[in-house]
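J.: Sequence and predicted structure are below.
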Amino acid sequence: MDESLFKRLELHGDAVVQLNVQYRMNRQIMSLSNSLMYEGRLECGSERTAAALLALPFLRSVQSELTSYAESHPQHDLAWIQATCRHWSAGCKPSDIGVIAPYRQQLKSISALLQSSVFSGVEVNTVDKYQGRDKSVIVFSFVRSTADEGNLGELLKDWRRLNVAITRAKHKLLMVGSITTLRRYAPVEKLLNHLQQENMISFNYKSRFKFKLLRPVAAQHGVGRTCREPTNIFTVIHRN
Ligand SMILES: Nc1ncnc2c1ncn2[C@@H]1O[C@H](COP(=O)(O)OP(=O)(O)OP(=O)(O)O)[C@@H](O)[C@H]1O
């Protein structure tokens, strides 16, 4: 029972056909899966899917808000997630937003932060619970931030699970994590290389108090404005 029927079928090449057409993600989000797993073979089933966008309150307002209270919020991933959900809830139905994390303890902490009625409908769940489902907007917390090289855990070493996590969003995907830790996981490192190459790392903060905006994401729209952003992927990384 450790091996799925599908895994057994994969041993016989002609018993398995790979489906390369998808109708969920827009082009930019699909590119992540293409670079991680599909080697460019995945295609959007229609131009409508490929070009689908969602106008949401601008992420810069999240950045400026966090800069102002970074000192009192040592758990930055949680602060980012809460601030992003609050701003984006104003631009879409909370039920269109999903928060994913690989670890249950993190999910508990996130759920506790999202108790207010403003967030009612935002779904917080594990990668596995999102299998087969999607949301317009996904916030993915990688969680792990550790200096201990011996204690990496298994969840983020799983290529298939990471692929599930990054393929749940239809229109917008925000990923938050520690680059120093994540580089130790082969699948996440491959994803990070793609994000870096394609300039998809939006905020890179090196210390608790300093934010560096690597990509001038629609800067002309200014702080706090609602606009039609050209960017569908935001990656926030920190270095502790
Ligand atoms: N022919 C289609 N036209 C428009 N949208 C479609 C079509 N087929 C599927 N979709 C949409 O694409 C998304 C994914 O579809 P589906 O759940 O069938 O994929 P899946 O293979 O089960 O995906 P996964 O295993 O990655 O969760 C859903 O949001 C679904 O509504």
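T.: Ah, there it is. Numbering: from 1, shown residues only.

J.: What's the end-to-end length of stretch 18-38?
T.: For stretch 18-38, the first and last residues are 10 Å from each other (CA to CA, to the nearest Å).

J.: Could you number the chain from 319 rather than 1 from now on?
T.: Renumbered: residue one is now 319, and that last one reads stretch 336-356.

J.: Any buried residues in it, and which?
T.: 340, 342-344, 346-356 (16 or more other CB atoms under 10 Å). Using the backbone N, CA and C atoms, a C-beta is placed for each residue, glycine as well.

J.: Name the residues of the protein found near the ligand, please.
T.: Within the chain, the positions lying close to the ligand (CB under 6 Å from any ligand atom) are 341-342, 363, 450, 452, 485.

J.: Lowest-confidence entry in the residues you listed?
T.: Within the set of these, pLDDT is lowest for Gly450 (94).

J.: if I look at the residue in the chain that the ligand sits nearest to, how far off is Glu361?
T.: The chain approaches the ligand most closely through Tyr341 (3.2 Å), counting by CB to the nearest ligand atom. Look at Tyr341 and Glu361: by CB to CB, to the nearest Å, they are 10 Å apart.

J.: What is the neighbour count of the spatially closest residue to Ala333 that is not a sequence neighbour?
T.: Counting by CB to CB, 6 or more residues apart in numbering, Ala333 lies nearest to Leu327, which is 4.6 Å off, once chain neighbours are set aside. A count of neighbours around Leu327, defined by other CB atoms under 10 Å, yields 12.

J.: just checking, Leu327 touches Glu321?
T.: No. Applying CB atoms under 8 Å as the test, Leu327 and Glu321 come out as separate, 10.5 Å apart.

J.: what do the two both touch?
T.: With contacts taken as CB atoms under 8 Å, 6 or more residues apart in numbering, Leu327 and Glu321 have no neighbour in common.

J.: Among the buried residues of stretch 336-356, which one lies nearest to Leu473?
T.: Among those, Leu354 lies closest to Leu473 (CB to CB), at 15.5 Å.

J.: three-state assignment of the closest one?
T.: Per DSSP: H, G, I helix; E, B strand; the rest coil, the local secondary structure of Leu354 is helix.

J.: doesn't Leu360 make contact with the residue of the chain closest to the ligand?
T.: No. Counting by CB under 8 Å, Tyr341 does not reach Leu360; the two are 11.4 Å apart.
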